[in-house]
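Visitor: Just need the structure, nothing else, for what follows:
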Amino acid sequence: MKATRRTFISTVCAGAAAIMMCSPALAETIQINLADVLPDGNFMVQNAKRFADEVAKETKGEVVINIRAGGSLGFKGPEQMRAVRDGMVPMADILLSQQIGDEPLFGIEGVPFLVSSQADLKALHKFARPELEKIAAAKYNQKILYMVPSPGQYLFLKTKTDKLEGLKNIKIRGADKMTVDTVTSIGMAGVMIPFGELIPALASGRVDGVATSATTGVDAKFWEFMKYVYPTNHTWSTNMVNINLNTWKKIPANHQKTIEAIALRLEPEFWAVSANADVESLKKLTANGMEVAPVSPAMMADMRKQAAPLLDEYLKRAPAAAPLIKSYLDATGRK
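Guide: Now for the predicted structure:
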């Protein structure tokens with residue numbers, strides 16, 4: 001008896017249905033975009049890619065984080081935290097100090113000369129990070145997965161001087177309010193400009209200097225605009241990679257634990273990457289013709305003195321920071 005076309009199709013479909021019923025359901029891949037304003041070659045972006053690779057590997061491809069670098073999703077640095085809060089993007093690499101307009105406590109690391117090394121920053125984080133995590137969750141509907149500091153901070157200028165007076169009225173860019181307030185306090189003319197607008201600002205003469213890290217100096221090829229690098233370490237800043245809590249809750253519990261474990265394991269490595277990036281970036285800057293201008297003890301003392309009132313001003317805006325800073329200073333043996 002010859003099988004008709006209809007019976008053949010019915011038999012095949014029945015067989016396929018039986019196979020599907022007997023086979024375990026295929027897990028659905030969770031795709032998550034991570035917004036980053038930094039360019040693809042920046043070490044923060046490379047850290048995020050490493051994290052994403054580990055997540056994909058250890059969840060067997062069931063959670064995939066797609067890194068969208070260079071501001072390709074359309075958000076500027078100061079907008080990143082609100083974008084995650086509002087669900088416009090599920091994850092982002094966020095510069096903590098750029099969010100102080102929304103939450104003053106996020107500026108705690110940027111108090112002038114409060115933190116001068118990664119060791120200091122770790123000591124401060126012991127007291128501050130639990131509070132930052134609470135605020136991120138309760139007020140901004142997001143979870144901090146890991147935090148990585150920027151490298152040491154410098155002043156990049158066209159002018160060479162060994163006295164504070166030599167910096168007077170120089171127009172200089174800062175990435176956040178505390179940096180702008182700090183450079184203004186020492187007599188410069190601070191302007192807050194996002195990274196995406198930095199190169200046009202330098203090219204047009206809107207600013208004649210930049211207060212930032214050596215890695216940003218390499219990213220923006222500062223040697224095309226400026227000559228001198230002053231190692232001041234006037235403020236500190238940290239990037240945090242956050243995920244929207246609604247997105248987080250959609251991730252199966254076993255994968256949540258895996259992602260948390262990956263973040264905990266990689267964070268110390270990322271801190272080491274940051275320290276190394278500072279050294280290597282400074283080499284690239286000098287190799288391209290920039291000159292490191294050591295800050296004399298007298299000039300540094302003047303900077304600290306001029307910027308000192310900013311601590312009291314900050315504590316008026318962020319009174320919750322006072323006990324955290326006191327605990328940090330006590331723990332590090334400082335007054």
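Visitor: if I've got this straight, Ala272 is in a helix?
Guide: Yes: according to DSSP: H, G, I helix; E, B strand; the rest coil, Ala272 belongs to a helix.
Visitor: check contacts around the closest residue to Ser185 other than its chain neighbours.
Guide: Spatial nearest neighbour of Ser185, excluding adjacent residues (C-beta to C-beta, 6 or more residues apart in numbering): Ala307 at 4.7 Å. From N, CA and C alone the C-beta is placed, and that goes for glycine too. Contacts were defined as C-beta atoms under 8 Å, 6 or more residues apart in numbering; by that measure Ala307 touches Pro112, Phe113, Thr182, Ser185, Ile186, His234.
Visitor: residue closest to the middle of this protein?
Guide: Asn239 (2.2 Å; C-alpha atoms, centre = their mean).
Visitor: Now the host helix or strand of that residue: average pLDDT?
Guide: According to DSSP states H and E, Asn239 maps onto strand 238-244. Across strand 238-244, pLDDT averages out at 97.
Visitor: what residues does that strand touch?
Guide: Residues from elsewhere that reach strand 238-244, judged by C-beta under 8 Å, 6+ apart: 32, 34, 44, 48, 51, 81, 84-85, 87, 89-97, 109, 121, 132, 136, 140-150, 263.
Visitor: Give me the buried subset of the residues you listed.
Guide: Using 16 or more other C-beta atoms under 10 Å as the burial test, the contacts of strand 238-244 include 32, 34, 44, 48, 51, 81, 84-85, 89-97, 109, 121, 132, 136, 140-150, 263 as buried.
Visitor: show me where the stretch 151-300 of the chain has strands.
Guide: For the stretch 151-300 of the chain, the strands defined by DSSP state E, counting those that start in this stretch occupy 153-157, 171-174, 189-192, 209-213, 228-231, 238-244, 291-292.
Visitor: To Asp40, which of the ones you listed lies closest?
Guide: With C-beta to C-beta as the criterion, Asp40 lies closest to strand 238-244 of the strands of the stretch 151-300 of the chain, at 15.4 Å.
Visitor: chain center to the closest one: distance?
Guide: On the basis of C-alpha atoms, centre = their mean, to the nearest Å, strand 238-244 sits 7 Å off its chain's mean C-alpha point.
Visitor: Stretch 261-275 now?
Guide: In this view, stretch 261-275 has its centroid 13 Å away from the chain centroid, taken as C-alpha atoms, centre = their mean.
Visitor: per-residue confidence averaged over it?
Guide: 97.
Visitor: hmm, who's touching that stretch?
Guide: With C-beta under 8 Å, 6+ apart, stretch 261-275 has contacts from 43, 46-47, 50-51, 54-55, 58, 118, 145-151, 241.
Visitor: Filter the residues you listed down to just the ones in strands.
Guide: Those of the contacts of stretch 261-275 mapping onto strands are Leu145, Tyr146, Met147, Val148, Pro149, Val241, per DSSP state E.
Visitor: show me the contacts for the fourth one.
Guide: By C-beta under 8 Å, 6+ apart, the contact set of Val148 is Met44, Asn47, Thr238, Asn239, Met240, Glu267, Phe270, Trp271, Val273, Ser274.
Visitor: Mind telling me the two of those residues farthest from one another?
Guide: Spatial extent of the contacts of Val148 (C-beta to C-beta) is set by the pair Met240 and Val273 at 15.5 Å.
Visitor: Could you check which of those two has the larger neighbour count?
Guide: Met240 (24 against 18; other C-beta atoms under 10 Å).
Visitor: For that one, name its beta-bridge partners.
Guide: Each beta-bridge partner of Met240 is listed here, defined by DSSP bridges: Ile94, Met147.
Visitor: what about it, distance to Met290?
Guide: According to C-beta to C-beta, to the nearest Å, Met240 and Met290 sit 30 Å apart.
Visitor: same question, Asp330
Guide: Separation of Asp330 from Met290 (C-beta to C-beta): 39 Å.
Visitor: ok, those two, which is more surrounded?
Guide: Neighbour tally, Asp330 and Met290, criterion other C-beta under 10 Å: the higher count belongs to Met290, 19 against 11.
Visitor: Would you check that the more buried one makes contact with Lys221?
Guide: No: using C-beta atoms under 8 Å, Met290 is not in contact with Lys221, being 10.3 Å away.
Visitor: The stretch 51-200 of the chain: helices as residue ranges?
Guide: 80-85, 118-140, 177-185, 198-204 (DSSP state H, counting those that start in this stretch).
Visitor: can I get those in a markdown table with distance to Leu38 and mean pLDDT?
Guide: Listed next are these as a markdown table, based on distance: least, C-beta to C-beta, whole Å; pLDDT from 0 to 100:
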| stretch | distance to Leu38 | mean pLDDT |
| --- | --- | --- |
| helix 80-85 | 11 | 96 |
| helix 118-140 | 19 | 97 |
| helix 177-185 | 17 | 93 |
| helix 198-204 | 12 | 95 |
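Visitor: Could you dump those into JSON lines with distance to Val279 added?
Guide: Shown next, in JSON lines, are those (distance: least, C-beta to C-beta, whole Å):
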{"stretch": "helix 80-85", "distance to Val279": "27"}
{"stretch": "helix 118-140", "distance to Val279": "13"}
{"stretch": "helix 177-185", "distance to Val279": "22"}
{"stretch": "helix 198-204", "distance to Val279": "23"}
